[in-house]
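*Asks:* With the input below, show me the fold.
(one chain, ligands or ions: 1)
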Amino acid sequence: MLVKPRVLVLRKLTAEVEERLAKTYEAVFSLDDKPMVPEAIAQALYDYEALVPTVSDRITAVMLKGAGVRTRMIANVGVGCSNIDVAAARDAGIAVSNTPDVLTDATADTALLLILSVTRRAFAAEKMLREGRWGGFSIVGGLGASIQDKVLGIIGMGRIGQAVARRAALGFGMKIVYYNRSPVSGLGFEAQGLDSIDAVMAVADVVSVHVPGGGGTPLVTAAHIARMKPSAYLVNTARGDSLDQTALIAALAGKRIAGAGFDVFAKEPEVPETLRKMENVTLLPHIGSATEEVRTAMGHMAVDNLDAYFEGRALPSRVV
Ligand code: 8YV
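*Replies:* The predicted structure follows:
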């Protein structure tokens, strides 16, 4: 490339990835790792050939439709693109790429972390200990629920849903049921596909959500949540708006389900106070893919896409 394209990196990336970006591009990096205000993102679309956003950076249709937008390529650091109006990007002729596969295992690990944490009541137990309230070992104290032989219901059997199911089936002896829009084959472990989300909700001891958000209406609705057994748990590592968060909190408050694990929230970083006060929930600050290795791999994948775009090659992971 004779002239280095101007690239704005909206949040801090790992050092290795920032160094690579700085070599090829006239790259401007986030100094404070804080989300940019919408006005600044809108302005950046006029000033930079490419943007490298994350889930925290909303790029809307109004921003993308502006006359004189200079950005031709958006390399999202994340597999989910609910932060970007991809239809508007398509209309505006702007390429969008994402970072699939490299984060599948880490995110599936986080789902298992939540499943184990909520079923074994880890937060309540640790809280008691840290507050100096542990009176000593008890046979009947701190009892959770075993997951061995229990039914795990996967909503959305894509890459991450399958990785969670594989771990649960082969590593933890769970029985798997799932709902997926299209048929799934070649799983390599036993799993029963059911024909509706309702059917999965009604039989699952643990529900794990792996459907996208960003569509306006959550795919897992209040009516679906109402089908869950009172002894059941739900964990969400997809998007906060993949499910009806208000309905889920109401179900927890009304003791209509046993507990829940959240890695994502409807309006991050807002976490409703009612939820923060509950002991039968585990709350993580969107760390599904947060390992040094994976965040570096995600960054490299975003740069691979940028390189391909500016060298006129096919993008390794094109969304639009
Ligand atoms: C990312 C995620 O770390 O990739 C995704 O869709 O949810 C996370 O694992 C986050 O989106 C960063 O943008």
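
*Asks:* So what does Ser182 have for phi and psi?
*Replies:* phi -120, psi 160 (degrees, to the nearest 10).

*Asks:* Now do the same for it: its pLDDT.
*Replies:* As summarised for this prediction, Ser182 has a pLDDT of 95.

*Asks:* any idea how far it lies from Ala314?
*Replies:* 25 Å (C-beta to C-beta, to the nearest Å). Any C-beta I mention is one placed from the backbone N, CA and C, and that applies to glycine too.

*Asks:* that's a helix at Ala108, yeah?
*Replies:* Yes. Counting by DSSP: H, G, I helix; E, B strand; the rest coil, Ala108 is found in a helix.

*Asks:* any idea which helix or strand carries the closest residue to Arg120 other than its chain neighbours?
*Replies:* Distances taken as C-beta to C-beta, 6 or more residues apart in numbering place Gly144 nearest to Arg120, at 3.9 Å, with adjacent residues excluded. Taking DSSP states H and E as the definition, Gly144 sits outside all helices and strands.

*Asks:* Spell out the residue ranges of the strands in this structure.
*Replies:* 6-9, 26-29, 50-52, 73-75, 95-97, 151-155, 175-179, 192-193, 206-209, 233-236, 259-262, 281-283 (DSSP state E).

*Asks:* tell me what the third one is packed against?
*Replies:* Going back to what we said before, that points to strand 50-52. Other helices and strands packing on strand 50-52, by 3 or more C-beta pairs under 8 Å, 6 or more residues apart in numbering; DSSP states H and E, are strand 6-9, helix 38-47, strand 73-75, helix 292-310.

*Asks:* Give me the pLDDT for the spatially closest residue to Arg239 that is not a sequence neighbour.
*Replies:* Leaving aside its sequence neighbours, Arg239 sits nearest to Gly213 (C-beta to C-beta, 6+ apart; 2.8 Å). At Gly213, the predicted lDDT confidence score is 94.

*Asks:* Enumerate every residue touching Gly213.
*Replies:* Gly80, Ser82, Ala238, Arg239, Gly240, Asp241, Ser242, Val264 (C-beta atoms under 8 Å, 6 or more residues apart in numbering).

*Asks:* swap in Arg90?
*Replies:* Arg90 touches Val320, counting by C-beta under 8 Å, 6+ apart.

*Asks:* And for the one 3 residues further on?
*Replies:* Contacts here follow C-beta under 8 Å, 6+ apart; on that basis Gly93 touches Arg72.

*Asks:* Over to Arg256?
*Replies:* Here Arg256 is in contact with Ala226, Met228, Pro230, Ala250 (C-beta under 8 Å, 6+ apart).

*Asks:* Just the buried subset of those residues, please.
*Replies:* Met228 (16 or more other C-beta atoms under 10 Å).

*Asks:* Please narrow the contacts of Arg256 to those residing in helices.
*Replies:* Ala226, Ala250 (DSSP state H).

*Asks:* what's the most distant pair in the contacts of Arg256?
*Replies:* Across the contacts of Arg256, the longest distance by C-beta to C-beta is 13.9 Å; it joins Pro230 and Ala250.

*Asks:* Thanks a lot, catch you later.
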